[in-house]
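# this one's structure only:
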């Protein structure tokens, strides 16, 4: 028996979407969380059957644990400055804390492209 981790997301309106990070493109949607999980179970089974039928390897689950992290979205100025410096070192923008863009990575500083012979 193999266990795949799934991510459940509530839609902006009604309904739920489910995806499996180990099986790109394998998704399910439904009106309730329970129904979405049931649909996802079928989607995973069909996805794996399709891979087998095409002679493709079955991906081994890579997720070993999952949890939900709760944070206080209101950051005091001192903490916000510290987070901004730390994020900048990791090429992440925190200009609008909690906004969807705060989770998008920025392009690294241009040190050249090591894959194309440039300096790194």
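Here it is on my side, so go on. Here the structure is a predicted model, which means the values were calculated and not measured.
# When you work out contacts or count neighbours from here on, use the C-alpha atoms and nothing else.
Will do.
# Show me how the chain divides into domains.
Using automatic domain parsing, the domain ranges for the chain come out as 1-70, 77-116.
# Confidence-wise, which of those is weakest overall?
The weakest mean pLDDT among the domains of the chain belongs to domain 77-116, with a mean of 52.
# Show me which residues of the biggest helix by length in the chain are buried.
Longest helix of the chain, by residue count under DSSP state H: helix 33-53. Neighbour-count burial for helix 33-53, counted by 16 or more other Cα atoms under 10 Å, picks out 33, 36, 37, 39, 40, 41, 43, 44, 47, 48.
# As JSON lines, these with distance to residue 69 would be great.
Below are the buried residues of helix 33-53 laid out as JSON lines (distance: Cα to Cα, whole Å):
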{"residue": "33", "distance to residue 69": "19"}
{"residue": "36", "distance to residue 69": "22"}
{"residue": "37", "distance to residue 69": "21"}
{"residue": "39", "distance to residue 69": "26"}
{"residue": "40", "distance to residue 69": "23"}
{"residue": "41", "distance to residue 69": "25"}
{"residue": "43", "distance to residue 69": "27"}
{"residue": "44", "distance to residue 69": "26"}
{"residue": "47", "distance to residue 69": "30"}
{"residue": "48", "distance to residue 69": "30"}
